[in-house]
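In: this is the structure alone, sequence omitted:
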């Protein structure tokens, strides 16, 4: 019976780990920016950024950062006492 509370506390610690929260925020904003970059093609915006779709590339970068944070949590789980 002592095994189950450790598993619960370990999964709760992983869920509320700061890295997980940061990954979630980067992921949500990354999805929004990627979708804006894909579907909101305004020629005036492209002119301002020298022809580079900044929303698309920033969104993809944020999604990559979110994956890195999630991999970090997965590879080095938070220590539980």
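Out: That came through, no problem. The model shown is predicted, which means the values in this text are computed figures rather than measured ones. Numbers count the residues shown, from 1 in each chain.
In: what about the protein, any weak spots by pLDDT?
Out: Applying pLDDT under 70 to the chain flags residues 1-11, 13-15, 80-81.
In: my guess is residue 22 meets residue 69, correct?
Out: Yes: counting by C-beta atoms under 8 Å, residue 22 touches residue 69, with 5.5 Å between them. C-beta here means a position set from N, CA and C on the backbone, and glycine is covered the same way.
In: between those two, who's got more neighbours?
Out: Taking neighbours as other C-beta atoms under 10 Å, residue 22 and residue 69 compare with residue 69 leading, 21 against 16.
In: quick one, phi psi at that one?
Out: phi -60, psi -40 (degrees, to the nearest 10).
In: quick one: the helices in the protein?
Out: Per DSSP state H, the chain carries helices over the ranges 3-15, 18-39, 43-48, 54-75.
In: centre of the chain versus the shortest one, how much separation?
Out: Between the centre of helix 43-48 and the centre of its host chain there is 27 Å, according to C-alpha atoms, centre = their mean, to the nearest Å.
In: with stretch 25-32 instead?
Out: Between the centre of stretch 25-32 and the centre of its chain there are 6 Å (C-alpha atoms, centre = their mean).
In: mind listing what's buried in that stretch?
Out: 26-27, 29-30 (16 or more other C-beta atoms under 10 Å).
In: of those residues, closest to residue 63?
Out: Using C-beta to C-beta, residue 30 is the member of the buried residues of stretch 25-32 that lies nearest residue 63, at 3.8 Å.
In: how about the contacts made by the closest one?
Out: 59-63, 65-66 (C-beta atoms under 8 Å, 6 or more residues apart in numbering).
In: redo that, cut-off 10 Å
Out: By C-beta atoms under 10 Å, 6 or more residues apart in numbering, the contact set of residue 30 is 23, 58-67.
In: any idea how far it is from residue 78?
Out: According to C-beta to C-beta, to the nearest Å, residue 30 and residue 78 sit 23 Å apart.
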